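K.L.:
predicted structure and sequence below. I'll ask about it afterward.
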Amino acid sequence: VSVLPKMATTSGSGDSNAALSRKHLGIPQAIFVEDVIAFMKQPGNETADLVLKRLDEQYQKYKFMELNLSQKKRRLKSQIPEIKQTLEILKHMQKKKDSTDPMETMFLLADNLYAKASVPPTDKVCLWLGANVMLEYDIDEARALLEKNLTTATRNLEGLEDDLDFLRDQFTTTEVNMARVYNWDVKRRSSEAASKSTA
């Protein structure tokens, strides 16, 4: 999906633009309109209202993308501490699996409701995988899986933050383009009005 299919491009290498689109997959890059007069002479840019409408539609798409990315970021930010906490519990269970003493703990039943539990030494754990699915793993396998999940979640969070920064740049570019086209239109109308009044 192109941001503004009939916009003038700024000078730059095509390779960097290709790398940028791969880096921010799915987020179209807003092209800065340097020469508004030349831009407005391009086919499809007959009126400022038409161009402003198209720019506003693109701006709204960016807002929608930001909402989706922010929700994903919030979800990952809540998942990472849970994974870390589960990893800590597994590390503790690994230390205790060779002992004969049971591990005393508090078990969460519901929000703010806990029950005492005595867990015998074990080398098996059950992990919630999501969608109401739980699987039994050896402690070492579970730890490897959770460490992999933590690494993936952290990398995804960094990627989301990078994509959100890129989106903010696209907001700014689109807002500046809208202001430049609007100001050009105001200037054009006032010069037309001045020429009509002198004629």
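P.N.:
Thanks, I have it. Numbering: from 1, shown residues only.
K.L.:
Leu109 in helix, strand or coil?
P.N.:
Classification of Leu109 using DSSP: H, G, I helix; E, B strand; the rest coil returns strand.
K.L.:
begin at 7, not 1, for the rest of this chat.
P.N.:
OK, 7 is where the count begins now, so the last one is Leu115.
K.L.:
go ahead and confirm it touches Ala123.
P.N.:
No. With contact defined as C-beta atoms under 8 Å, Leu115 does not count as touching Ala123 (10.2 Å). C-beta: built from backbone N, CA, C; applies to glycine.
K.L.:
element containing the residue most central in space within the chain?
P.N.:
Within the chain, one residue has its C-alpha closest to the average C-alpha position: by C-alpha atoms, centre = their mean, that is Leu75, at 3.1 Å. Assigned by DSSP states H and E, Leu75 belongs to helix 54-102.
K.L.:
same thing with Asn189?
P.N.:
In this structure, Asn189 sits in helix 145-204 according to DSSP H and E.
K.L.:
by contact count, what packs against that helix?
P.N.:
For helix 145-204, the packing partners by 3 or more C-beta pairs under 8 Å, 6 or more residues apart in numbering; DSSP states H and E come out as helix 42-46, helix 54-102, strand 130-136.
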